[in-house]
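1. Would you be able to build a 3D model of this:
(chains A, B, C and D)
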Number of protein chains: 4
Amino acid sequence: MTQTQNSPTQVSARLGANNYGKAEVKLMKVFRDTARHEIRELTVRVAMTGDFGAAHTHGDNTDLVATDTVRNTIYGLAKEGFQGSPEAFGKELIAHFVKTGPRVTGGFAEFTEFLWERLQVGGEGHDHAFVRQMPQRTVRVESQDGQTFQVTSGLENLYVLKTTQSGWEGYLLDERFTTLPETHDRVMATFVTCKWEYLDGSVEVDYDDVWARVYRQIQETFTDHYSPSLQNTLFLMGQAVLTACPEISRIWFQMPNKHHLKYNLERFGLENNNEIFHVDPEPYGLMEAWVERDA
Amino acid sequence: MTQTQNSPTQVSARLGANNYGKAEVKLMKVFRDTARHEIRELTVRVAMTGDFGAAHTHGDNTDLVATDTVRNTIYGLAKEGFQGSPEAFGKELIAHFVKTGPRVTGGFAEFTEFLWERLQVGGEGHDHAFVRQMPQRTVRVESQDGQTFQVTSGLENLYVLKTTQSGWEGYLLDERFTTLPETHDRVMATFVTCKWEYLDGSVEVDYDDVWARVYRQIQETFTDHYSPSLQNTLFLMGQAVLTACPEISRIWFQMPNKHHLKYNLERFGLENNNEIFHVDPEPYGLMEAWVERDA
Amino acid sequence: MTQTQNSPTQVSARLGANNYGKAEVKLMKVFRDTARHEIRELTVRVAMTGDFGAAHTHGDNTDLVATDTVRNTIYGLAKEGFQGSPEAFGKELIAHFVKTGPRVTGGFAEFTEFLWERLQVGGEGHDHAFVRQMPQRTVRVESQDGQTFQVTSGLENLYVLKTTQSGWEGYLLDERFTTLPETHDRVMATFVTCKWEYLDGSVEVDYDDVWARVYRQIQETFTDHYSPSLQNTLFLMGQAVLTACPEISRIWFQMPNKHHLKYNLERFGLENNNEIFHVDPEPYGLMEAWVERDA
Amino acid sequence: MTQTQNSPTQVSARLGANNYGKAEVKLMKVFRDTARHEIRELTVRVAMTGDFGAAHTHGDNTDLVATDTVRNTIYGLAKEGFQGSPEAFGKELIAHFVKTGPRVTGGFAEFTEFLWERLQVGGEGHDHAFVRQMPQRTVRVESQDGQTFQVTSGLENLYVLKTTQSGWEGYLLDERFTTLPETHDRVMATFVTCKWEYLDGSVEVDYDDVWARVYRQIQETFTDHYSPSLQNTLFLMGQAVLTACPEISRIWFQMPNKHHLKYNLERFGLENNNEIFHVDPEPYGLMEAWVERDA
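-> Modelled structure (predicted):
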C-alpha cells in the first residue's frame, strides 16, 4: 500500500471546494393507505460537504459515510420522511447526514421526479394503474448547516409548439453574416426548462401546489399572445408565474428555439404556405434569463 | 481515380440483398384549412431496392437516385400525398420511386410519428398550440413492385405501471440458479412496443382509427385482470386487440419487465409493505410474442 | 384473481412465435491467472424458445425458468464457460437452458462486447489498467435444438472519416426533385455496422482472430481507393473481408453517409476550398447490403 | 399583434441576468496545406450578454443579432480565426460579437471537441483518413468586455478501469444504514470529467500542449498507486496535473464510481475470486473536488 502523494517531485497542492455522495438512486414510493393508490418516482442525488480533507490528501477514510450508506439511507428515510413533496424530503435527507456524519456539515439533494397520470379506463382514472408522462419536475435543496435550506424547484422536458402567432422581425440586418429573412408568421417550438427560488420567510410553502400553478401558467402564457421573439415569450411566462405564485421570488428559463424550417418547395413548382417544415434538430437558438420580482 | 476491386489477390464476391435511401428525415405538416390547425410530425426513412449492382461492384452511378433527391421528394410529396395516415403516405412514396427511378423495383418506408395533443387552456384544447406526448406511432410500408404493399403499424414508448394485481408464482424452483422468491403482489411496469399486420383484402383500412382502438385496448387490458405473468398480460392484450380490430390479422409485442424491487428495509428495523422500491433499470426480463387470429 | 381471457366477447386467439429471457445483463470477467490481467465486458441477452403456451394463454407458469434465474445463470456459467470468445459462451448458455429448462427447446444469446485497451504508461501497456474504446463487437448465437448453432458476429460504432478521395457523380439528374450538385472531392464519413456468417462446417473457427482480421480489413479498405459512392466502398470492404477470412460465407453492412456539408462562405466574401464543413447529424443516406462469396 | 405584458392584473417584473445565442453548431475544419491533412471537429455554443431588456419586456428586436447570424458567423470566422486551439477561436468569436453587436457587451463560447486519430494502415497513420476516439476535449471562454477573457479547459468521457490496487476501508461502520463490507481489493472504474483554470498572466499558453499533458498525467496517475478511495486518486491526479502544468492554477474533477459488484456465486457452489462482476450502471458514488495550487 504505497502512496505517492508525498513524492518530492510533486508540487504542493491543497483541496478546494468538494463534495461526494450518491447519484442516480432510483426510488419509487407507493402510497397505499386506501385502494386508490398514489405513486411518486424520483431519481435522487445526495452530496455531502464537510471536513473531507484527510480522505483526499492522505487516503484516511476515518468517519466517512460510505456512498453505499447514502443509498441505503435514501430508501430507509423514504419510508417515514417522504410523505409529501420532494422538497421536504430533501430537507430530511440533508439534516440526517449532518446529524449522523461526523465530518458532514452540509450538502445538497437533487431530485428529478417522473410524472405518472392515472390510466383512463371507461373515462375515469384507474385506482392503481398509471401511465408515464413526458415532463419532469426537478428539485434542489441545499444547506450549509443542516438546519436552514435553500430550495430551488423546476420543470423540464415540456415540449410545446404553436403553428402561428409567432414571428421574428426588426433585428439587425446590416451585418455581413446576416442571411435570415424576416417573418411575422412562423412555427415556434421549445423545450421549456425552468427553475425558481422562493421568497425568504416562505416557510410554509405548498411546493406541490406551486409546481402545478407554474406548470399551468407556462402553458397558458405560451398561447395568449403574438410572440415577437422567444425572449419576449420567456419574459411573459416569468411575469405570469410571479403573478400566480406570490411564494416565488424569481424564475429562470432556458428555452431552445427548436427551428421548424419552411422547406423550399418552390424549386419543385409547389407552394408552401407554412405547411411543410423540416424539423431541424440542431443548431438551435438558446435563450436563458431570470425574471425577477420588481421590489 | 484508381479502384482496387479487380485486384487479382481478391476473392470473387457478389452483391446480395441490398437497399439504400434516406433516413432520419424530420417532417412536420401543418393542416391549416381552418383556424383550428392540425399537425403531424414524422421521422421518415425511405429505402429503395432494385438493380444497384453496377454501383456497388464498379462504382457506376448511372441512373441512381441520389439520397438527397429522396429527401427532397419526401418533403415535396408531403404537400399533396400526405393528407391522411402515414400508411397511405408510405404507399405514395414507394410508388413514386418505383415509377421515377430507372433502376428501382421496390422498397420500404418507415415512419415514427410523434404525437402532439392540444394544449389545454381554460379547460379546452387550443386551436393552434400543442404539447408533445411520450408514446409514438410506427409504420412500415413495403412493396416489391410499387403497386401492392405490405403494411405494418405499431406503437412504442407507452410506459405503463400498476401497483398491485400482479404476481409471479409456480415457476421452476429446483434449478441450481433459482434464488427469486415467489410473490402474488408486486409492481408491474413495462414499456409496450407492438406492431400489427392486416388481413389480406383489407384495402379500405382506416389506419388512424385502428391505431386509436389498439392504443385503448392495450391500456384497458393492462388494468382489467390479475396478471400472473407479463406473458399472460401480453396474450390478453393481443386477444383484446384482435377482438376490437377485425382488420388486424396478428399482433406482436415486445414487453420488458421493468423490475421494481422491494428494497430490504428490514435490515434497518423498518417494514416495507410494498411501499419503497428500487426501480432497476437493468437487467430486465424481456418477452416477445405474436398473438394471431385463430382461423 | 379473476382472469378475462375466456370472456365470451373475445375472439379466439392463438400464440404465435414467441420467446422470453433476460436482457441488458452487464457482465465483466477478469482473467487474473498472471499479474498481467485480461478483461472482457459483455452486455448479454438470452432468450429461450419452447413450449410456453400455457403461460401465455392460461397464466400457468409450471416448469417455466424465471428470468431472474437466467440472470443468475449467466453470471454462474461465466465462471467456467466464458474462457474464450463470446461466441463459445453463447453456445454454452443456450445448451444449458435447453438441458435444464423442461419446456425449453432452443433460443438465442446476443452479446455486445465493450472493448478495452491497456492504458499506456511510459510507452507500454499496463498490466491491470485499461481504457474503454469506442467500437463494439457484437455476437448472436441461435439454436433450435441446443446442439447445433447459427453464429453471427459483428462490429458496431466504428466511426471513420476521410477528407478526400471520395465523390458522388454520374447519378440521375433529370428528376424533378434533384438539386444536389455533383462532386469528385468531398469528405466521406460513416459509422460502420456489420455482421457476418460462417461457412458450414467451420466448427473450429477462432472467432477472436476472425474479428481482428475483419476489423483491420474494414479500416484499411476504407483508405485504399477513390470512393465513387459509399455503396462501392461497402462492396470493396466486403470483398476484402471475404478474402482475408475464408471462414466467412457472407457479410452485411449498414453504413450511414454522415454528411459533411461544405458551408456556403461565398455569401460572406470568403472562399471555402473544402475547409469549413457543417457536420449534419440528420438526415443521412443509409446503405445496407450483403456481400457474398461467389461460389 | 396584441401583447399582454402590460395587463393590469400582472405583477411588476424585471429582467435579471440573461444571455442568448446559438447552440449545437457542428463545425469541422480540414487543414489541407499539405497532403497530410489535419482535422478538428467542434460542437460550438456562443451566448451573448448585453442590453437585451427591450426585446424581453417589449418585444423590441432593434439592433439584436439573430441567432442565425451567430451560426453564420461561427462558420465564417472559422476560416481565418480557427487556426490553432478552440480557446483562441473562442476569444475571436466573443470579441467579434462585442464589436459588431450594438447591444452586446460580453458573452461566452463553449466547445466540445471530438477527437480523431489517424487510421493505422500498415503500421502508419494515414494522411487523410481518421477514426473517432471516445474522450472529448471541452473549452469555455468568457468575457465581460470582449477584451479580457476567462478560459476554462477540460476533458470528458475518459473511461478508465483497473482490476486491482484499489480498496475502500476504514469508513464509518456504526451507522444504522451501513451494510457494505470493507475491501482492500476491488475493481475501480470511472469516467473522468475535469476542467481547469489558468494562472493570471499566462497570456501565452499553448492550450493544445497543456491539454495533452493533463491527459497523460490523469492516465498515468490512475495507475501509479494503491487507491484507498476515489477521493484520494482524484487528489493525486490533481497534484500531478499541477506539477506537470505550471500554467494551471486549479483543476476540478467529477468522477463517478462505476461500481463493479462481485457477483455472489457462492450460492451456486462456485468461488468468485474477483473474477465475475456485475457492472452496475446506477446508482453510483459521485465525487467532485477542486485541487488547487498551494500558494
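
2. So which residues on the stretch 51-200 of chain A come close to chain C?
-> With the criterion set to Cβ under 8 Å from any Cβ of the partner chain, the stretch 51-200 of chain A comes near chain C through A:Arg176, A:Phe177, A:Thr179. Just so you know, the C-beta spots here come from the backbone N, C-alpha and C atoms, and that holds for glycine as well.

3. Now render the residues you listed as CSV, adding neighbour count.
-> Listed next are those as CSV, based on neighbours: other Cβ atoms under 10 Å in any protein chain shown:
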residue, neighbour count
A:Arg176, 14
A:Phe177, 21
A:Thr179, 14
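
4. My guess is A:Gln133 contacts A:Leu119. True?
-> No: with contact defined as Cβ atoms under 8 Å, A:Gln133 does not reach A:Leu119; the gap is 11.8 Å.

5. And those two? Which one has more around it.
-> Neighbour count, other Cβ atoms under 10 Å in any protein chain shown: between A:Gln133 and A:Leu119, A:Leu119 has more, with 20 against 15.

6. Can the helix or strand the more buried one falls within be said to contact chain D?
-> Element membership of A:Leu119 [criterion: DSSP states H and E] is strand A:104-121. No: on the criterion Cβ under 8 Å from any Cβ, strand A:104-121 is out of touch with chain D, staying 10.0 Å away.

7. Can you name the next helix or strand after that strand?
-> That would be, after strand A:104-121 and using DSSP H and E, strand A:124-143.

8. can you give me the helices in the stretch 101-250 of chain A?
-> A:207-223, A:230-244 (DSSP state H, counting those that start in this stretch).

9. sorry, back to before: and which of the residues of the stretch 51-200 of chain A next to chain C is nearest to B:Glu124?
-> Among those, A:Thr179 lies closest to B:Glu124 (Cβ to Cβ), at 40.3 Å.

10. The closest one against D:Thr73, yeah?
-> No: with contact defined as Cβ under 8 Å, A:Thr179 does not reach D:Thr73; the gap is 10.8 Å.

11. and A:Trp116, what is it in contact with?
-> Neighbour list for A:Trp116: A:Ile39, A:Glu41, A:Phe130, A:Val131, A:Arg132, A:Gln133, B:Leu161 [criterion: Cβ atoms under 8 Å, 6 or more residues apart in numbering or on different chains].

12. change it to 10 Å
-> Going by Cβ atoms under 10 Å, 6 or more residues apart in numbering or on different chains, A:Trp116 touches A:28, A:38-41, A:129-133, B:159-161, B:189.

13. now swap in A:Ser143 and tell me
-> A:49, A:90-91, A:93-95, A:97-98, A:105-109, A:149-151.

14. from those, which would you call buried?
-> By neighbour count, with 16 or more other Cβ atoms under 10 Å in any protein chain shown, these hold A:49, A:90-91, A:93-95, A:97-98, A:106-109, A:149, A:151 as buried.

15. Mind checking what secondary structure A:Ala95 has?
-> Under DSSP: H, G, I helix; E, B strand; the rest coil, A:Ala95 falls in the helix class.

16. so what's it closest to, chain neighbours aside?
-> Counting by Cβ to Cβ, 6 or more residues apart in numbering or on different chains, A:Gly146 is the residue found nearest to A:Ala95 once chain neighbours are left out, at 4.9 Å.

17. Just give me the neighbour total for the one you found.
-> Using other Cβ under 10 Å, A:Gly146 has 18 neighbouring residues.

18. Now it: phi and psi?
-> phi 80, psi 0 (degrees, to the nearest 10).

19. next one: A:Tyr171
-> According to degrees, to the nearest 10, A:Tyr171 has phi -90, psi 180.

20. just A:Gly76 next, same as before
-> phi -70, psi -50.

21. Could you report the neighbour count for the closest residue to it other than its chain neighbours?
-> The shortest distance from A:Gly76 to any non-neighbouring residue, by Cβ to Cβ, 6+ apart, is to B:Phe268 (4.7 Å). B:Phe268 has 18 neighbours, counted by other Cβ under 10 Å.

22. Let's see the pLDDT reported for B:Phe268.
-> Note for B:Phe268: predicted pLDDT of 96.

23. again, but for the one 10 residues further on
-> In this prediction, B:His278 carries a pLDDT score of 97.

24. any idea how far it lies from chain C?
-> Per Cβ to the nearest Cβ, to the nearest Å, B:His278 is found 14 Å from chain C.

25. hmm, the helix or strand hosting that residue touching chain A?
-> Per DSSP H and E, B:His278 falls inside strand B:276-279. Yes: with Cβ under 10 Å from any Cβ of the partner chain as the criterion, chain A is reached by strand B:276-279 at B:Ile276, B:Phe277, B:His278, B:Val279.

26. The second one against B:Asn264, yeah?
-> Read it as B:Phe277. No: using Cβ atoms under 10 Å, B:Phe277 makes no contact with B:Asn264, being 11.2 Å away.

27. on that earlier part again, tell me which other helices or strands the strand holding B:His278 touches.
-> strand A:13-31, strand A:38-50, helix A:67-81, strand B:260-262 (3 or more Cβ pairs under 10 Å, 6 or more residues apart in numbering or on different chains; DSSP states H and E).

28. what would those look like in CSV with mean pLDDT?
-> Output for those, formatted as CSV (pLDDT from 0 to 100):
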stretch, mean pLDDT
strand A:13-31, 98
strand A:38-50, 98
helix A:67-81, 97
strand B:260-262, 96
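
29. Turn those into a markdown table, including distance to D:Ala55.
-> Below are the helices and strands packed on strand B:276-279 laid out as a markdown table (distance: least, Cβ to Cβ, whole Å):
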| stretch | distance to D:Ala55 |
| --- | --- |
| strand A:13-31 | 36 |
| strand A:38-50 | 36 |
| helix A:67-81 | 43 |
| strand B:260-262 | 47 |
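
30. Pick the most deeply packed of the helices of the stretch 101-250 of chain A.
-> Most buried of the helices of the stretch 101-250 of chain A, by mean neighbour count (mean count of other Cβ atoms under 10 Å in any protein chain shown): helix A:230-244, with a mean of 25.

31. in the stretch 151-295 of chain A, what spans have low per-residue confidence?
-> Low-confidence segments of the stretch 151-295 of chain A, defined by pLDDT under 70: A:201-203.

32. 80 instead?
-> Regions of the stretch 151-295 of chain A meeting the criterion pLDDT under 80 cover residues A:174-175, A:201-203, A:295.

33. For chain C, find the nearest of the helices of the stretch 101-250 of chain A.
-> If you check each of the helices of the stretch 101-250 of chain A against chain C by Cβ to the nearest Cβ, helix A:230-244 wins as the nearest, at 22.2 Å.

34. and the closest one with chain D, contact?
-> Yes: using Cβ under 10 Å from any Cβ, helix A:230-244 reaches chain D at A:230-236, A:238-244.

35. right, and the residue nearest to A:Ala95 touches A:Ala109 too?
-> No: A:Gly146 is beyond contact range of A:Ala109, at 11.7 Å (criterion: Cβ under 10 Å).
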